[in-house]
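# Following is a predicted model, sequence given first.
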Amino acid sequence: MADRLFTDDYLACVYDAWHPRAVRDDFDFYWPWVMAAPSVLDVGCGTGMMLHAARDAGHVGRLCGMDPAAGMLRQARKRTDIEWMLGDLAASIWKDEFDLAVMTGHAFQALVTDEDVSVSLEAVRRALTTNGRFVFDTRNPAARAWERWRPENAVDIALSDGEQVRITTDVTAPFDGETVTFTHTFTGENELLPMVSASTLRFFSPPALAHHLDEAGLRIEAQYGDWDGAPMSAGSPEIITIAVPG
C-alpha cells in the first residue's frame with residue numbers, strides 16, 4: 001500500500017513543491033537516458049514530472065508512467081499524451097516493450113520484502129527489450145541517511161499559491177539491518193492539516209542488490225556512487241545501478 005504522502009491529492013501537490021526540478025540532481029542523471037530511449041517505462045513515476053518534461057523537450061517515442069498511488073497519478077494524468085497506469089509491477093503484463101525502465105527518487109526502496117523485490121525485478125526483466133536498460137537508485141546504507149531524519153531538521157516549503165507548509169521527519173523504528181520506519185508530519189494553516197504519513201524503506205547493500213538482480217535475470221552493467229557519476233565507494237551516498245538482461 002502506498003504511503004499517504006503519495007495517495008492524498010493535497011500531499012501529492014506538496015511533494016512536488018518539496019522536491020522541485022531545481023533540487024533534483026537525480027533528474028540530470030536520468031535525463032540523457034530518457035531522451036535517448038525510443039520507449040520508456042517510469043516505475044513509481046509520481047506526478048509524472050520527468051515524463052512531462054521529456055515530452056515537452058521533444059521526445060516523440062512511447063512514454064509510460066506507472067504508480068500505485070492514485071493521488072500522484074491524478075496529477076500526472078493532467079497530460080494525456082503519455083500513457084499512465086495505476087498499479088505496481090506485480091500487476092504488469094508488458095513483455096519486450098521498453099528500451100528503458102527507470103525507478104527514480106529512491107522508489108526502489110519501497111520494495112520492502114524479498115517477494116516484492118523478486119516480483120518487481122522479474123516484471124522489469126520481462127518488460128525490457130533484449131537490449132534494454134534498467135536504471136535505478138537506492139541510498140547506500142553505509143551513508144546512514146536516516147540519522148538526518150530528525151525533527152530539528154524540519155523544512156518549510158511554499159506551494160504555488162504561497163501557502164506555507166512545514167514538514168517534520170521522525171524515525172519511529174530505527175535501522176534493523178535492512179529497514180527504517182519513519183513519519184512525515186505536515187503542518188500549516190490549510191484546513192486539511194496537520195497530516196501524518198508513515199513510511200518504511202529498505203536499504204540494500206551492494207552484494208544484496210547484485211544477488212536480487214542476478215536472480216531476476218538482470219546483470220549489473222555499471223554502478224555509480226553519486227549523481228555526478230562518481231564511482232562507488234564504501235561511503236558513497238547512493239547506489240545508482242544500470243542493469244541489463246542477461
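Cool, the structure landed. The shown structure was predicted, so the numbers you read here are calculated from the model rather than taken from an experiment.

# How is this protein partitioned into domains?
4-141+202-245, 143-200 (automatic domain parsing).

# Now mean neighbour count and mean pLDDT too, for those domains, in CSV please.
For glycine as for every other residue, the C-beta is placed from the backbone atoms N, C-alpha and C. Below are those laid out as CSV (neighbours: other CB atoms under 10 Å; pLDDT from 0 to 100):
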stretch, mean neighbour count, mean pLDDT
domain 4-141+202-245, 18, 96
domain 143-200, 14, 97
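
# ranges for the strands of this protein?
Taking DSSP state E as the test, the strands found in the chain are 39-43, 62-67, 83-86, 98-103, 128-139, 155-158, 164-173, 179-188, 195-202, 218-224, 238-245.

# and Glu147, which of those is closest to it?
For those, the distance to Glu147 is smallest for strand 164-173, at 8.5 Å, taking CB to CB.

# May I have the residues that are in contact with Ser39?
Shown in contact with Ser39 (CB atoms under 8 Å, 6 or more residues apart in numbering): 61-64, 97-100, 129.

# let's see it at 6 Å
Contact partners of Ser39, counting by CB atoms under 6 Å, 6 or more residues apart in numbering, are 61-62, 98-99.

# Relative to Ala76, which of these is nearest.
Arg62 (15.6 Å).

# Relative to Ser118, which of the strands of the chain is closest?
Of those, nearest to Ser118 by CB to CB is strand 218-224, at 11.5 Å.

# Send me the closest one as PDB with only the CA atoms.
The C-alpha atoms that make up strand 218-224 are tabulated as PDB, following Å, rounded to 0.1, in the frame of the first residue of the first chain:
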ATOM      1  CA  LEU A 218      19.500  -8.900 -14.800                       C
ATOM      2  CA  ARG A 219      23.200  -8.200 -14.900                       C
ATOM      3  CA  ILE A 220      24.900  -5.000 -13.500                       C
ATOM      4  CA  GLU A 221      26.500  -3.100 -16.300                       C
ATOM      5  CA  ALA A 222      27.600  -0.200 -14.200                       C
ATOM      6  CA  GLN A 223      27.200   1.400 -10.800                       C
ATOM      7  CA  TYR A 224      27.800   4.900  -9.500                       C
END
